[in-house]
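A.B. asks: here's a sequence, model it:
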Amino acid sequence: MRNELFPAEDEETPAEDSEQALLSVLRLNLVPGLGPRTYQRLLERFETPTAILQASVSQLQEVPNVGPKLAMSVVTHGTEQAAREELARANAAGASLLMRGHGGYPAPLDRIPDPPTVLYCQGTLLPVDQLAIGIVGSRHCTEYGRKQANRLAQGLARAGVTVISGLARGIDAEAHKGAIEAGGRTIAVCATGLGTVYPPEHVELADSIRQHGCLLTESPMDQQPKSGLFPQRNRIISGLSMGVILVEAGRNSGALHTARHAMEQNREVFALPGRVDSEASFGCLDLIRDGATLIRGVDDVLSTLGPLVAPVQVSATETVHRPAELQLSDQQRMILNLVTNEPVAVDEVMRVAAIETSRVLSTLTILEMKRLVRRLPGGFVQRY
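C.D. replies: Prediction:
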């Protein structure tokens, strides 16, 4: 079965080199104890995965945090045979492998300090998934938390936003379910390998997520649940997202790790307030006190987010530059798409829109109030 990691348009690297690069990445991904930050330090020192594998034990130990045990593990565990067996397991499970620096790898993850070098994907990961919001919270949530997570996820999905969470019990599960119920897209970032669904009672939910988005993980196929992997995977949830919403979290909740990652990655952090006397809300209330954005609904989220790093094509005729554009009516969106980053005459917008002049002018005023367009001297407008 041909692995679809490298699309046909990538003609710069011969197929043999591409396969060898993938095998080198998989060899390192199978090394126990080699975490993402240490991996990045190795790449900074040796530049490529293949060069890391060719380094001696003494050379590897020159890298900070690489002791003799880990250096020896790189040499002994990262075998090509093990990598080929791992690739066969992924293919048998219908998983695509997305390698950093090659086609299909999610662009937002390229901009975090410790991106995964390879992602295993079951389902579909689309360019429109760059318009994503993470929703996380406690596994031991209240009924209020469940309802709010589901409500927020449904609203985001209806606006065209992909909902990202971690497939855990409680808030995560409600976020995935809400997005699916609204007919939207959702992504589950797993701490385990794709050979294991955790928690086991979410097997059916995982199947639904594959049909409405995808399961993603950086863990090898046979990786079982391990406590240290859950905080580590949280950086991927926040890294894939424009911002992260904490719906309900106590002061010891693992969801707070995701908020901290989001802050480090320059992502927005939102928190839904809860009862001031409920321990289930103390983590969220602390975040609000410390500067996280208090939200009541989807409008609060989308209006807070700034311009995208790069515009996202959501249809043949529509490109989103700011998440706030997703809140617009059909008429507002139509008029906005006639305005470009370069100055355009208002008369030209009215001519192409082919609707009443008064409606065009009133719509441009609304878009100006929303800070999506600005008027220029001489009867011109342009996008912010």
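A.B. asks: center of the protein - which residue?
C.D. replies: Leu240 (1.7 Å; CA atoms, centre = their mean).
A.B. asks: just checking, that residue touches Ala132?
C.D. replies: Yes: contact criterion CB atoms under 8 Å: Leu240 and Ala132 qualify, at 5.6 Å. (Each C-beta comes from the backbone N, C-alpha and C, glycine too.)
A.B. asks: what residues are shared contacts of those two?
C.D. replies: Both Leu240 and Ala132 are contacted by 108, 164, 187, under the criterion CB atoms under 8 Å, 6 or more residues apart in numbering.
A.B. asks: now list the buried members of the residues you listed.
C.D. replies: Neighbour-count burial (16 or more other CB atoms under 10 Å) is assigned, among the shared contacts of Leu240 and Ala132, to 108, 164, 187.
A.B. asks: redo the residues you listed as JSON lines? Include distance to Pro225.
C.D. replies: Shown next, in JSON lines, are these (distance: CB to CB, whole Å):
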{"residue": "Pro108", "distance to Pro225": "26"}
{"residue": "Ile164", "distance to Pro225": "20"}
{"residue": "Ile187", "distance to Pro225": "19"}
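A.B. asks: among those residues, which ones are in strands?
C.D. replies: Among those, the ones falling in strands (DSSP state E) are 164, 187.
A.B. asks: out of the buried ones among the shared contacts of Leu240 and Ala132, which comes closest to Arg84?
C.D. replies: Comparing these against Arg84 with CB to CB picks out Ile187 as the nearest, at 28.1 Å.
A.B. asks: quick one, domains of the protein?
C.D. replies: Residue ranges for the domains of the chain, per automatic domain parsing: 15-122, 328-383.
A.B. asks: I'd like the average pLDDT over the first one.
C.D. replies: Mean per-residue pLDDT for domain 15-122: 90.
A.B. asks: any idea how far it is from the chain center?
C.D. replies: 20 Å (CA atoms, centre = their mean, to the nearest Å).
A.B. asks: counting neighbours, what do you get for Arg296?
C.D. replies: The tally of other residues near Arg296 (other CB atoms under 10 Å) stands at 11.
A.B. asks: give me the neighbour count for the closest residue to it other than its chain neighbours.
C.D. replies: Leaving out its chain neighbours, the residue that sits closest to Arg296 by CB to CB, 6 or more residues apart in numbering is Leu272, at 7.7 Å. Look at Leu272: counted by other CB under 10 Å, it has 26 neighbours.
A.B. asks: and the strands in the stretch 151-300 of the chain?
C.D. replies: Secondary structure of the stretch 151-300 of the chain (DSSP state E, counting those that start in this stretch): strands located at 162-165, 186-189, 213-217, 243-246, 268-271, 293-294.
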